[in-house]
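Peer 1: Turn this into a model:
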Amino acid sequence: MTQEKNTLVLATGNEHKRRELSGILAGFKILVPGELGIAFEFDETGSTYLENSLGKAMTLHRALTAHGLEYPAIADDSGLSVEALDGAPGIHSARFGAEAGSRLSSPERNRLLLDAMKGVTDRKAFFVCCMVLVYGSYRFSTAQETWEGEIAERPSSAGGGFGYDPVFLLPDRGITAADLSEDEKNALSHRARAARRILRLLTG
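Peer 2: Below you'll find the model as predicted:
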């Protein structure tokens, strides 16, 4: 298989993440494992964002190597921490409210979060993103960043963003992350901040 330069393989099947990362890592082509015929899965059982993101990136890199591909692997683990909930849902953000292995949809998780915040006046919250780029079995770089805001009283009706974006309020702007354009989000978000640090490593 012909391998293109300036190509990274992202450890996800999430098209939102791929599109967001492609908009930040200018000059790099972002592929996902399925495009290379690789069935990729990783169970995020780590106790930190770093454990999960490093595990995903290393697992993907081994799969790429097994297929004779030398692309760097990139992965991230992210979540939302709410101060009034002692940092929950945190690293369990994607599984918040899950029972017996059945995950809630994003709107269901947002409703559950808003229910937990009823009557709470301290609504401070922040997103976290840990991003890892693996070049080889013993070579990797990592960046972890945050994005501070608050939990809104109700979800945005804008229809943009994904995950917790509709309930993540930016107090200085009076809108949620879901109300931002892709370019605006790529200038502000936790994932964008981590990705820009990775980009400096790639191009420095």
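Peer 1: How about Ser137, nearest residue that isn't a chain neighbour?
Peer 2: In this structure, Ser137 finds its nearest non-sequential neighbour in His61, 7.4 Å apart by CB to CB, 6 or more residues apart in numbering. The way it works is simple: take the backbone N, C-alpha and C, and place the C-beta from them, glycine included.
Peer 1: Just the buried positions in the helix or strand where the one you found lies, please.
Peer 2: In this assignment (DSSP states H and E), His61 forms part of helix 49-66. Neighbour counts using 16 or more other CB atoms under 10 Å place 49, 52-61, 63-64 of helix 49-66 among the buried residues.
Peer 1: And stretch 191-204, by the same measure?
Peer 2: For stretch 191-204, using 16+ other CB under 10 Å, the buried residues are Arg191, Ala192, Arg193, Ala194, Ala195, Arg196, Ile198, Leu199, Leu202.
Peer 1: next one: stretch 77-90
Peer 2: Asp77, Ser78, Gly79, Leu80, Ser81, Val82, Leu85, Ala88, Pro89, Gly90.
Peer 1: what does it rub up against?
Peer 2: Contact with stretch 77-90 is made by 44, 46, 49-50, 52-53, 56, 91-96, 109, 113, 116-117, 120, 122-130, 151, 163-164, 168, 190-191, as judged by CB atoms under 8 Å, 6 or more residues apart in numbering.
Peer 1: Next, Ser105: phi, psi?
Peer 2: phi -70, psi 170 (degrees, to the nearest 10).
Peer 1: Near Ser105, how many other residues are there?
Peer 2: 8 (other CB atoms under 10 Å).
Peer 1: OK, contacts around it?
Peer 2: Residues near Ser105 by CB under 8 Å, 6+ apart: none.
Peer 1: hmm, back to that, can you redo the buried residues of stretch 77-90 as JSON lines with secondary structure?
Peer 2: Below are the buried residues of stretch 77-90 laid out as JSON lines (DSSP: H, G, I helix; E, B strand; the rest coil):
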{"residue": "Asp77", "secondary structure": "strand"}
{"residue": "Ser78", "secondary structure": "strand"}
{"residue": "Gly79", "secondary structure": "strand"}
{"residue": "Leu80", "secondary structure": "strand"}
{"residue": "Ser81", "secondary structure": "strand"}
{"residue": "Val82", "secondary structure": "strand"}
{"residue": "Leu85", "secondary structure": "helix"}
{"residue": "Ala88", "secondary structure": "coil"}
{"residue": "Pro89", "secondary structure": "strand"}
{"residue": "Gly90", "secondary structure": "strand"}
